[in-house]
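Asker: Structural data only, the sequence is not supplied:
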């Protein structure tokens, strides 16, 4: 029983939190906040939450100070309350993304504990079948070697479809998976990826308690935390000043919006040059962030001299599964992958003018380069259309 208590403490998003920790899960928001921030751990929780929000705002995925300790449940529930009173979809998406990725990494640490994984899946009310001995369900080729895929887990296809519906990876489609009597054979890490999506969506489905904001803010520690997080968000909103929704569309050519670091890699691919490991990872993560279909990313590598579809497909899917964001400009420079000077790109070299801060700012991430250039192009088009309309009148 103590093992279950610890498991729920580690994963407070589990439904059985209400069963094993009702004194926390079932308490009203105001009473809960007052109790948490009047406890000896109040300041520790405050600092950890502040660091968590800062990490999510800055897209930092190495959240090394995240710990499965005695305050983990309070940490989780306070974040849920915060998101409810902030009522900001951009912040909620960032928090949900980071927390779900941390959850995925933590679940994979439990990958050798069948009891833990099975309990988690059943607690979530998944229709799961577990076999004591691994079952061979598919044979594949990797590096010209035959490989038998085995697993102890199967999930009913209805539950699988519910969880995988928002995941765009081609290999997750039901038709690309092995089934038996309505159950999908699935590796624990793939099942954990589905749980990651469950946790992400759980953060986005908040109960609106904005009407309790003023009462909650009467707690001084909570208010101080609220103000600091709001201040940090205002600082980061600069990145969204020129925001534009990015994403792959078959009818759209994104090539004119791509930064020189990506143009250089694409040029090498077109010429059939081999790519170093960091270039391959970067282009996969970059295109995945733009929501390019998995098959399109695999096909991109077909011109390379060492191309093997099965091996490349395996490597691309593995890289995508990692869920990392593309390298930042700082990291690209450290890997000598920054091509700003070679391409004499003014946006990379000189930066852009920030209306908010009334000063010139540097580009810090290649994805923002795409956002900015798309935004500018769209604004120019709107101005041209407006001028043309005025001339016609």
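Answerer: Perfect, I can see it now. From a predicted model like this one, the values you see are computed outputs, not experimental measurements.
Asker: hey, let's count contacts and neighbours off CA atoms from now on
Answerer: Will do.
Asker: Help me confirm that residue 319 comes into contact with residue 283.
Answerer: No. In this structure residue 319 lies outside contact range of residue 283 using C-alpha atoms under 8 Å: 10.4 Å.
Asker: Residue 136: what secondary structure?
Answerer: Here residue 136 is strand, with the state taken from DSSP: H, G, I helix; E, B strand; the rest coil.
Asker: mind checking how far the nearest residue to it once chain neighbours are set aside is from residue 172?
Answerer: Distances taken as C-alpha to C-alpha, 6 or more residues apart in numbering place residue 150 nearest to residue 136, at 4.4 Å, with adjacent residues excluded. Taking C-alpha to C-alpha, to the nearest Å as the measure, residue 150 falls 17 Å from residue 172.
Asker: before we move on, back to that, please report how far the residue nearest to residue 136 lies from residue 178.
Answerer: 11 Å.
Asker: what touches both of those two?
Answerer: 137-138 (C-alpha atoms under 8 Å, 6 or more residues apart in numbering).
Asker: Quick one: mean pLDDT over stretch 159-168.
Answerer: The average pLDDT for stretch 159-168 rounds to 86.
Asker: what's the span of that stretch from first residue to last?
Answerer: 17 Å.
Asker: Same question for stretch 177-188.
Answerer: Stretch 177-188 has an end-to-end distance of 14 Å (C-alpha to C-alpha).
Asker: and it, how far out from the chain's middle?
Answerer: 25 Å (C-alpha atoms, centre = their mean, to the nearest Å).
Asker: Would you mark the buried spots in it?
Answerer: Buried residues in stretch 177-188, counted by 16 or more other C-alpha atoms under 10 Å: 179, 183-188.
Asker: Please apply the same query to stretch 335-344.
Answerer: Here stretch 335-344 shows 337-340 as buried, counting by 16+ other C-alpha under 10 Å.
Asker: so, if you compare the residues you listed, which one comes nearest to residue 223?
Answerer: Nearest to residue 223 among those, counting by C-alpha to C-alpha, is residue 338 at 42.5 Å.
Asker: Let me see the contact set for the closest one.
Answerer: Residues in contact with residue 338 (C-alpha under 8 Å, 6+ apart) are 260-261, 329, 332.
Asker: Next: residue 104.
Answerer: For residue 104, the contact set (C-alpha under 8 Å, 6+ apart) comprises 192-193, 195-196.
Asker: now with 6 Å?
Answerer: The contact partners of residue 104, by C-alpha atoms under 6 Å, 6 or more residues apart in numbering, come to residue 196.
Asker: what's the answer for residue 154, then?
Answerer: 128-129, 183-186.
Asker: Tabulate those residues in JSON lines, adding columns for pLDDT and distance to residue 100.
Answerer: Shown next, in JSON lines, are the contacts of residue 154 (pLDDT from 0 to 100; distance: C-alpha to C-alpha, whole Å):
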{"residue": "128", "pLDDT": "93", "distance to residue 100": "21"}
{"residue": "129", "pLDDT": "93", "distance to residue 100": "24"}
{"residue": "183", "pLDDT": "95", "distance to residue 100": "25"}
{"residue": "184", "pLDDT": "95", "distance to residue 100": "23"}
{"residue": "185", "pLDDT": "95", "distance to residue 100": "23"}
{"residue": "186", "pLDDT": "93", "distance to residue 100": "20"}
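Asker: could those be laid out in a markdown table, adding secondary structure?
Answerer: Shown next, in a markdown table, are the contacts of residue 154 (three-state DSSP):
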| residue | secondary structure |
| --- | --- |
| 128 | strand |
| 129 | strand |
| 183 | strand |
| 184 | strand |
| 185 | strand |
| 186 | strand |
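Asker: still on that earlier bit, ok, so of the buried residues of stretch 335-344, who is nearest residue 162?
Answerer: residue 337 (39.7 Å).
Asker: Confirm the closest one sits in a strand?
Answerer: No. Applying three-state DSSP, one finds residue 337 to be coil, outside a strand.
Asker: That one: what's its closest spatial neighbour, skipping adjacent residues?
Answerer: residue 261 (6.2 Å).
Asker: my read: that neighbour touches residue 341, true?
Answerer: No. The pair residue 261 and residue 341 fails to qualify as a contact (C-alpha atoms under 6 Å) at a distance of 10.3 Å.
Asker: For the closest residue to residue 307 other than its chain neighbours, give me the pLDDT.
Answerer: Spatial nearest neighbour of residue 307, chain neighbours left out: residue 301 (6.5 Å); criterion: C-alpha to C-alpha, 6+ apart. With respect to pLDDT, residue 301 scores 91.
Asker: Would you list the phi and psi of residue 301?
Answerer: Per-residue torsions, residue 301: phi -80, psi 0 (degrees, to the nearest 10).
Asker: Thanks again, I'm all set now.
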